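Q: this is the structure alone, sequence omitted:
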């Protein structure tokens, strides 16, 4: 039996400079690669597994810096890479080395895995001249290859859920970690896109009340060499290798369409999909990093090189390099990638890692710079959801509240303020009032609404909720960096014991603190973001930086316990409360005065004696208890047909003091106050349907507000 061989490509046509990448049009494949400073480009074709180079095709056509050809004999599945010739002059910003096989920055599918070795570097590793030396070893045997993709997929009647911002409940999750130990997910699907789209997972998300999943990076990424050498794995994925190809270690089938099937399944359940994207840097690192893709294609165009010494990079990301979005073709790469994921993969939005780095022009953050202008005018991208992590590591990079209209932002001031308050720190009641009402001080000045604030208590980067109330200090020894990594400023409190304990009083207090933080988050104005697993008491054993822990430490533990089930039920009920009442989902900020056509002020702040807060009361450093009274007749927002909106009256009492406080309640002339939530109780809140009939009425003038607890009361709307 003879072995099948790949026929040699004989027909080579000029092709087109656009679209970039390898594009199958049903008859052949167009290849296009931008490199402004290259002197020659070779297209390298490999066998279907990407192991053996079969043919090199010099690209003779060049249009405006784009090298291109069309191969009518090529078909989907064709593996390929590039060798790019040009000057190797690091001191001038050029790092061309044709001995290194390069991944197409536009590759939509990959075949093979990267195997670390010194041949991947453009310079000779170990040379005294470091990156000024030149390495002539062939890197192709160690490199993954691009693969021509057939993009056809039957989307049917798939539609974006288009959940209004004020109605969103975001759930930040890791594709792999969420299902790796899930007992109801088939073993072969655990840790994959297919596992995330299977019925038990979708049902769980719907039952929890999640409207939007935010996936940690799913762009193809690499495991860092230093981690691989220590037997660890880059788990989070903030080390992008390609901006178009989905990460295949999350694919049970090894096919791109598995990601599309997951999106379609979640959409059918009414759940949006937002991607955490890393366009600020790539996996090629600093000047001593490997030559894998953009560095070898055109280093001086794709990266921000230092103006005074072009051998080095301006690193605003802490990862060695920064993508140069001032260059039109680097900007085009990012825009094309975003459009591809929105149009071809049907995702609903993006959360931009270290988004301030994307705004830098001439080294400075310009929040209305070219990148934001490009998105603002793009007919696809100006309709998807855009969320910024509004900082980077460079000077002037902290930009909370300063991103353009149309963008929401992670609000770390919400996180730190609420953590400090429930920890018991004094002098924070004014901060709490600003944060739970949507942070108008940060977003109102520019014309934004409360939904510009993505409120969160925890995120992937830091303690889980359980660890936030169980540890005073980080415990990152498993990462192999002597506990130096991760943030040391966590605003956490272990409730008296560091780490695990059987002390019933400590365990009870920790569960109460979790309920306090979750209830505050879910009943605040703005968009709440839950960290996956917090509703189940997931612990990382005090590790606040599990970026390299692709194991049980980073994976969610689905083992049921009474505490986990009770906390999940609590979250379900409070999310349902939020969903049922527009008072907690306002589109506009509180005005501190009656809405048009109404007679009651839209919000009151009360002291424990039942009196309204005075200006001097906000400065009381000993105050740790406050209440927010939201009259149901004070809603300024209009309904979908312009109708006035009314709701029940709500009273939210928050006591972060270590003593019980008898809180005097406002008079209830229209009916008794009914108790909906008391975090000091182990009993779950009533379901929304039962609230009016089953919630106990409170007839006393004061409520015994337990230490470190939150209470929600309501009285029914009696308006005709």
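A: Right, received. Where do you want to start? Please read all numbers here as calculations on a predicted model, not as lab measurements.

Q: going by C-alpha atoms from here, please, whenever you check contacts or count neighbours.
A: Fine.

Q: show me the contacts for residue 40.
A: Neighbour list for residue 40: 58-59, 84-86 [criterion: C-alpha atoms under 8 Å, 6 or more residues apart in numbering].

Q: mind doing that once more with 7 Å?
A: Each residue near residue 40 by C-alpha atoms under 7 Å, 6 or more residues apart in numbering is listed here: 84-86.

Q: would you list the residues you listed in JSON lines and tack on secondary structure and neighbour count?
A: Output for those, formatted as JSON lines (DSSP: H, G, I helix; E, B strand; the rest coil; neighbours: other C-alpha atoms under 10 Å):
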{"residue": "84", "secondary structure": "strand", "neighbour count": "28"}
{"residue": "85", "secondary structure": "strand", "neighbour count": "22"}
{"residue": "86", "secondary structure": "coil", "neighbour count": "19"}
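
Q: which one of those residues is nearest to residue 509?
A: Nearest to residue 509 out of those is residue 84 (C-alpha to C-alpha; 61.8 Å).

Q: which residue, neighbours along the chain excluded, lies closest to that closest one?
A: Nearest residue to residue 84, sequence neighbours excluded (C-alpha to C-alpha, 6 or more residues apart in numbering): residue 41, at 4.6 Å.

Q: pretty sure that neighbour is in a helix, no?
A: No: going by DSSP: H, G, I helix; E, B strand; the rest coil, the assignment for residue 41 is strand, not a helix.

Q: make CSV from the contacts of residue 40 and add pLDDT and distance to residue 582 to it.
A: Shown next, in CSV, are the contacts of residue 40 (pLDDT from 0 to 100; distance: C-alpha to C-alpha, whole Å):
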residue, pLDDT, distance to residue 582
84, 98, 58
85, 98, 61
86, 98, 61
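
Q: which of those residues sits closest to residue 627?
A: Closest approach between those and residue 627, by C-alpha to C-alpha: residue 84, at 65.3 Å.

Q: and residue 627, that's in a strand?
A: Yes: counting by three-state DSSP, residue 627 is found in a strand.

Q: would you confirm that it contacts residue 604?
A: No: counting by C-alpha atoms under 7 Å, residue 604 is not a contact partner of residue 627; they are 8.2 Å apart.

Q: more neighbours: these two, which one.
A: residue 627 (25 against 17; other C-alpha atoms under 10 Å).

Q: what's the distance between that one and residue 436?
A: Computed with C-alpha to C-alpha, to the nearest Å, the distance linking residue 627 and residue 436 is 11 Å.

Q: which neighbours do the two have in common?
A: Contacts common to residue 627 and residue 436, judged by C-alpha under 7 Å, 6+ apart, are absent.

Q: quick one: low-confidence parts of the protein?
A: Counting by pLDDT under 70, the chain contains low-confidence ranges at 1-5, 367-368, 595-599, 669, 688-694, 718-720.

Q: residue closest to the middle of it?
A: By C-alpha atoms, centre = their mean, the mean C-alpha position of the chain lies nearest to residue 276, the distance being 3.9 Å.

Q: what sits opposite that residue in the beta ladder?
A: Here residue 276 sits in beta bridges with residue 351, going by DSSP bridges.

Q: that one contacts residue 213, correct?
A: No: in this structure residue 276 lies outside contact range of residue 213 using C-alpha under 7 Å: 10.3 Å.

Q: got any residues that touch both of these two?
A: The contact sets of residue 276 and residue 213 do not overlap (C-alpha under 7 Å, 6+ apart).

Q: how many neighbours does residue 62 have?
A: Neighbour count of residue 62, defined by other C-alpha under 10 Å: 21.

Q: for it, pull up the helix or strand it's in.
A: strand 61-63 (DSSP states H and E).

Q: all strands for the stretch 351-500 of the chain, in order.
A: Ranges of strands in the stretch 351-500 of the chain, per DSSP state E, counting those that start in this stretch, are 360-361, 364-365, 385-388, 407-410, 453-456.

Q: which secondary structure elements does the last one contact?
A: If contacts are counted by 3 or more C-alpha pairs under 7 Å, 6 or more residues apart in numbering; DSSP states H and E, strand 453-456 sits against strand 407-410, helix 412-423, strand 527-531.

Q: quick one, which of these is nearest to residue 681?
A: helix 412-423 (16.9 Å).

Q: chain center to that closest one: distance?
A: How far helix 412-423 lies from its chain's middle: 20 Å, per C-alpha atoms, centre = their mean, to the nearest Å.

Q: counting contacts, what elements does it pack onto?
A: Using 3+ C-alpha pairs under 7 Å, 6+ apart, the elements in contact with helix 412-423 are helix 429-436, strand 453-456.

Q: ok, now which ones touch residue 620?
A: residue 427.

Q: can you report phi and psi for it?
A: Backbone torsions for residue 620, taken as degrees, to the nearest 10, come to phi -70, psi 110.

Q: please tell me how far it sits from residue 418.
A: 17 Å.

Q: now swap in residue 412 and tell me
A: 10 Å.

Q: settle it for me: which of the two has more neighbours?
A: Comparing residue 412 with residue 418 by other C-alpha under 10 Å, the one with more neighbours is residue 418, at 27 against 18.

Q: number of nearby residues for the nearest residue to that one once chain neighbours are set aside?
A: Take residue 418 and drop its neighbours on the chain: the residue closest to it by C-alpha to C-alpha, 6+ apart is residue 432, 6.3 Å away. Applying other C-alpha under 10 Å, we find 23 residues neighbouring residue 432.

Q: cheers, nothing more for now.
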